[in-house]
Structures are given as C-alpha cells and as structure tokens.
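> Sequence and computational prediction follow.
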Amino acid sequence: MILDEVRALVVQHGRLMVGAAAIAPETDLYEVGLTSLATVHLMLALEEHFGVEFPDRMLGRRTFESVRAITEAIDALRA
C-alpha cells in the first residue's frame, strides 16, 4: 500500500525524533522533527521511488506535513 511505502521513506529519509510506530497518517511531521533540509532529501527519495516529479506548486510545507498529505500528492501526480 502506498501509505506504508511513504511512511517507510519518511522514516528512512526524514531524520525524525520518533520511530515508525509513532507516525500515524495524520501526524504533523514538522512537529516531530522534519526540517527543510530533510524535506528536500525526502522529496528526492519519493521522486525516485515513485517515478514522479514534484512541480513548483507542490513544493510547500503543506505537501509534506504528513504521511497522508504526501500520499495524496503522489496519488495526484500519478493520476
């Protein structure tokens, strides 16, 4: 499931202060330690893994604020 793939990439590349078990789909990733630099690393990993490219209009905090938001963005890009 895409949600689980996104969560795994967030854990691997997000450099968060919590483990995977603490990251619910709606968890605010910035509240648990996601930084601007980590967001860039995460975005690149997501692009490579899912074969998508985030357009400029999606390069904001809102797109990467939660696993659910990231999943919805990827779904939109793959549609």
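Sure, I can see it. Residues are numbered from 1 along each chain as shown.

> Packing partners of the top helix by length along the chain?
Across the chain, the longest stretch assigned as helix under DSSP state H is helix 36-50. Using 3 or more CB pairs under 8 Å, 6 or more residues apart in numbering; DSSP states H and E, the elements in contact with helix 36-50 are helix 2-13, helix 67-78. Every C-beta, even on glycine, is put in place using the N, C-alpha and C of the backbone.

> possible to save the ones you listed as TSV with mean pLDDT?
Below are the helices and strands packed on helix 36-50 laid out as TSV (pLDDT from 0 to 100):
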stretch	mean pLDDT
helix 2-13	96
helix 67-78	98
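
> D28 is nearest to which of the ones you listed?
helix 67-78 (9.6 Å; CB to CB).

> on that earlier part again, would you turn the helices and strands packed on helix 36-50 into a markdown table with distance to E53?
Formatted as a markdown table, these follow (distance: least, CB to CB, whole Å):
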| stretch | distance to E53 |
| --- | --- |
| helix 2-13 | 16 |
| helix 67-78 | 8 |
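
> and those as CSV, adding mean neighbour count?
Listed next are the helices and strands packed on helix 36-50 as CSV, based on neighbours: other CB atoms under 10 Å:
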stretch, mean neighbour count
helix 2-13, 17
helix 67-78, 17
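
> For L46, find the nearest of the ones you listed.
Of all these, helix 2-13 sits nearest to L46, with 5.9 Å by CB to CB.

> Packing partners of the closest one?
By 3+ CB pairs under 8 Å, 6+ apart, helix 2-13 packs against helix 36-50, helix 67-78.

> average pLDDT for the longest one?
Going back to what we said before, that points to helix 36-50. Predicted confidence along helix 36-50 averages 97 (mean pLDDT).

> Nice, that's everything, thank you.
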